[in-house]
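A.B. asks: Here is my input; please provide its structure:
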Amino acid sequence: MKRFVFIFLFLFVFGAYGFGSVKEVKAGSLSTRGVWVSCFEYDEIGLAGKNEADFCASADRIFSNIRANGCNTVYFHVRSFDDAIYPSSVTGWSKRLLAGGSAPTYDPLKLLIQYAHKYGIKFHAWMNPYRVTMKKTLNPGNTATTERIVKQVKEILNRYSVDGIHFDDYFYTSEKKYNKVKKEERMEHVNDLIHKVHKAARKKGKVFGISPAGDITYCEKIGADIKTWMSQTGYVDYIAPQLYWSDDYKLNGKKTKLFQERLKLWRSLNTRDVPMYIGLALYKAGERVTYDTGWKKSNTNLSRQMNKIRSGNTEGYILFCYTDLYRKGAQKEIRNYLANIGTLRLNRTRVTKRKGKSFRLRANSVWPSRLQSKLRFVSKNKKIAVVSPNGKVTAKKAGKTRIYVYCGSKRKSCIIRVKKK
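C.D. replies: I've put the predicted structure just below:
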């Protein structure tokens, strides 16, 4: 009897863990708040061609900033062009990391993971599986290609304390040599790789997920069998469709709520209820985009998208990309995004002061921490009380008014009653 119980428990646990992802998060919880860090950002963020001390200083700043913006997960480019940002036995060094210099004497990936975990941020190794150059890819139909990629995945899993493996949307390309490969055959070749990578990740107790393009038709054309991934076990532990549109998009000359429509479609296809994190186009915030005018017209696109993500079977988001968190043109959008996900509490909600006296109004509970620098103080009646940019309130005249504290669309207030001397 004991043997039967043991076998039953083993099969139950292994079946839940080994053959399908266990859903541990509540839909609409925004439990995963991620950001991508791309190889094209290495130089700008101070990682390319650096000595160990400078590299560490940059890494510390990057992950501190990521946490300050409310994110708890990073998807960091470790393989972008059949290369590596660590000493690999499978492939060569990333040229973008070396920046024309020699190979570092330290291990960049080990340090990046160390600093991410220092700030409580999960680190997922982001890999472009097939891309060699912007115009050339490894042939997904070759067994040697699959073996090469799986070998590098295992190398990372065996050597580094990553929290997961992450693929993006580069599969079959438009190269002429692939023109005769049918859609079904493309998906079959890609699925073989995906299944093997998933198995390798789960064997190490890690998760594996994919961020496909948001257009379903395009996905299937390039070999991304997203319908199978979201309906059958053994492929992905999460899916992160890139819904890089606003709800003011011109499709065939007609205004379309494209983000909302595609979100609904992806949710409907997710029959296995795989954890879904929505890829969001932070890089478009504040920009003038010809066919996607919503990004220039409004600075609440991300905030409204957060609300839609909360409304159904989606568990988070991933922002593309890190440097846009501090891009000047995106700051109004960022302020509203932070306010949407954040919490704000004041140290005082009701104060009585005599004329001429002052006090400091503070936000004593602010999350994410970057909200603190986005606060704006406004007096409803400046004749009764005035407030400085840093929250110093001065009573001017007998009466009662409110001091409002704004952060994007979020607002809190403190009632101030001024007495005569």
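A.B. asks: How about residue 338: what's its closest non-neighbour residue?
C.D. replies: In this structure, residue 338 finds its nearest non-sequential neighbour in residue 371, 5.2 Å apart by CB to CB, 6 or more residues apart in numbering. Using the backbone N, CA and C atoms, a C-beta is placed for each residue, glycine as well.
A.B. asks: need the contact list for that neighbour.
C.D. replies: 338-339, 342, 344, 363, 407 (CB atoms under 8 Å, 6 or more residues apart in numbering).
A.B. asks: Read off the pLDDT value for it.
C.D. replies: Looking at residue 371, its pLDDT reads 88.
A.B. asks: you'd agree it is in a helix?
C.D. replies: Yes. Under DSSP: H, G, I helix; E, B strand; the rest coil, residue 371 falls within a helix.
A.B. asks: thinking again about what came up before, mind checking which of the contacts of residue 371 land in helices?
C.D. replies: 338-339 (DSSP state H).
A.B. asks: Now restrict the contacts of residue 371 to buried residues only.
C.D. replies: Listed as buried from the contacts of residue 371 are 338-339, 342, 344, 363, 407; burial here means 16 or more other CB atoms under 10 Å.
A.B. asks: Between these, which sits nearest residue 288?
C.D. replies: residue 338 (23.3 Å; CB to CB).
A.B. asks: For the closest one, list the residues it contacts.
C.D. replies: 69-70, 368, 370-371, 374, 407-408.
A.B. asks: List just the nearest of those to residue 101.
C.D. replies: residue 69 (30.2 Å).
A.B. asks: burial of the closest one, as a residue count?
C.D. replies: 21 (other CB atoms under 10 Å).
A.B. asks: Do I have it right that it meets residue 35?
C.D. replies: Yes. The pair residue 69 / residue 35 is scored as a contact, 7.4 Å apart, by CB atoms under 8 Å.
A.B. asks: list the residues that contact both of the two?
C.D. replies: With CB under 8 Å, 6+ apart, residue 69 and residue 35 have common neighbours residue 325.
A.B. asks: returning to that earlier point: looking at the buried ones among the contacts of residue 371, spot the one nearest residue 91.
C.D. replies: residue 338 (38.4 Å).
A.B. asks: What's the separation between the closest one and residue 375?
C.D. replies: Distance, residue 338 to residue 375, by CB to CB, to the nearest Å: 11 Å.
A.B. asks: Return every residue with contacts to both of the two.
C.D. replies: residue 407.
A.B. asks: The helix or strand bottoming out on mean pLDDT in the chain: what's the following helix or strand?
C.D. replies: Averaged element by element with mean pLDDT, DSSP states H and E, the chain has its least confident helix or strand at helix 2-18 (a mean of 38). Following helix 2-18 in sequence order, the next helix or strand is strand 32-37 (DSSP states H and E).
A.B. asks: Parallel or antiparallel, which strands does that following strand pair with?
C.D. replies: Each strand paired with strand 32-37, and its direction, by DSSP bridges: strand 73-79 (parallel), strand 316-319 (parallel).
A.B. asks: Centre of the chain to that strand, how far?
C.D. replies: Per CA atoms, centre = their mean, to the nearest Å, the displacement of strand 32-37 from the mean C-alpha position of its chain is 2 Å.
A.B. asks: Contacts for that strand next, please.
C.D. replies: 25, 45, 62, 66, 69-77, 124, 126, 238, 240, 275, 277, 315-322, 325, 341.
A.B. asks: I'd like the C-alpha coordinates of that strand written as CSV, please.
C.D. replies: Only the C-alpha atoms of strand 32-37 are listed here, as CSV (Å, rounded to 0.1, in the frame of the first residue of the first chain):
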residue,chain,number,x,y,z
THR,A,32,5.2,39.4,-13.2
ARG,A,33,6.4,43.0,-14.0
GLY,A,34,9.2,42.6,-16.4
VAL,A,35,11.5,44.5,-18.7
TRP,A,36,13.7,43.5,-21.6
VAL,A,37,17.4,44.5,-21.8
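A.B. asks: Could you pull up the mean pLDDT of it?
C.D. replies: 98.
A.B. asks: Need the strands paired with strand 32-37 in JSON lines (columns: mean pLDDT, mean neighbour count and distance to residue 381).
C.D. replies: Below are the strands paired with strand 32-37 laid out as JSON lines (pLDDT from 0 to 100; neighbours: other CB atoms under 10 Å; distance: least, CB to CB, whole Å):
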{"stretch": "strand 73-79", "mean pLDDT": "98", "mean neighbour count": "26", "distance to residue 381": "45"}
{"stretch": "strand 316-319", "mean pLDDT": "98", "mean neighbour count": "25", "distance to residue 381": "39"}
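A.B. asks: Of these, give the one that comes closest to residue 208.
C.D. replies: So among these, strand 73-79 is nearest, using CB to CB, at 12.2 Å.
A.B. asks: Break down the stretch 301-421 of the chain into its strands, ranges please.
C.D. replies: For the stretch 301-421 of the chain, the strands defined by DSSP state E, counting those that start in this stretch cover 316-319, 343-346, 350-354, 358-360, 363-367, 376-379, 385-387, 392-395, 399-407, 410-419.
A.B. asks: Also the stretch 1-150 of the chain?
C.D. replies: Under DSSP E, counting those that start in this stretch, the stretch 1-150 of the chain gives strands at 32-37, 73-79, 83-84, 92-93, 122-127.
A.B. asks: No further queries at this time; thank you.
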